[in-house]
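Peer 1: Sharing a model prediction with you, sequence too.
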Amino acid sequence: MIFVNLTTTDLERSKAFYTALGCEINPLFTDENAACVVWDENTFFMILTHGHFAQFTDKPIVDPRTGAQVIVALTRDSREHVDATVTAGLAAGGGEHRDPQDYGFMYQRSLSDPDGNLLEFTYMEPQAAEEGPGAYVDEHGAGPDPVPGA
């Protein structure tokens, strides 16, 4: 299992955002300081208030609106699923972090949650995932925005 810890300045807003993406909140590990967001059976986001997050580190907490410390990348089942996830996130107060990236064998969109934490949603063609991007590019071409060296 993986637990990704992210900070928030507004826990209720964050819970609403992540449930809009299709996640559930695990009430057993949620209180006024933190929310356990269930992405899937093995992936969880612990959304923590700044005060609670500070208990786990002596380092300064990065403001995700002005600095990046991590980008959480998650796969989707199709390009349409990537678009639908980002659309739901935008409607729930997120922001598109950069233009969509289409490499032919892989399609990505980047979304920031309302606190500025970066999420990336990706679909990769099964052949590229199994055989590497070179095999897909050799058979189908590089696509609209080729990756150097692919």
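Peer 2: Structure received.

Peer 1: Could you pull out the buried residues of the lowest-mean-pLDDT helix or strand in the chain?
Peer 2: Sorting the helices and strands of the chain by mean pLDDT, DSSP states H and E puts helix 133-140 at the bottom, at a mean of 79. If you call a residue buried by 16 or more other Cβ atoms under 10 Å, then helix 133-140 has these buried ones: 133, 136-137. C-beta: built from backbone N, CA, C; applies to glycine.

Peer 1: Then stretch 117-130?
Peer 2: For stretch 117-130, a neighbour-count test (16+ other Cβ under 10 Å) marks 117-125, 128 as buried.

Peer 1: picking that back up, any chance of the buried residues of helix 133-140 in TSV, plus distance to Thr9?
Peer 2: As requested, these are exported to TSV (distance: Cβ to Cβ, whole Å):
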residue	distance to Thr9
Pro133	39
Tyr136	42
Val137	43
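
Peer 1: just those now: which is nearest Val37?
Peer 2: Nearest to Val37 among the buried residues of helix 133-140: Pro133, at 30.9 Å, using Cβ to Cβ.

Peer 1: List the residues that contact the one residue sitting closest to the centre of the chain.
Peer 2: What sits nearest the mean C-alpha location of the chain, by Cα atoms, centre = their mean, is Leu119, with 2.5 Å. Listed by Cβ atoms under 8 Å, 6 or more residues apart in numbering, the contact set of Leu119 reads 71-74, 89, 94, 110-113.
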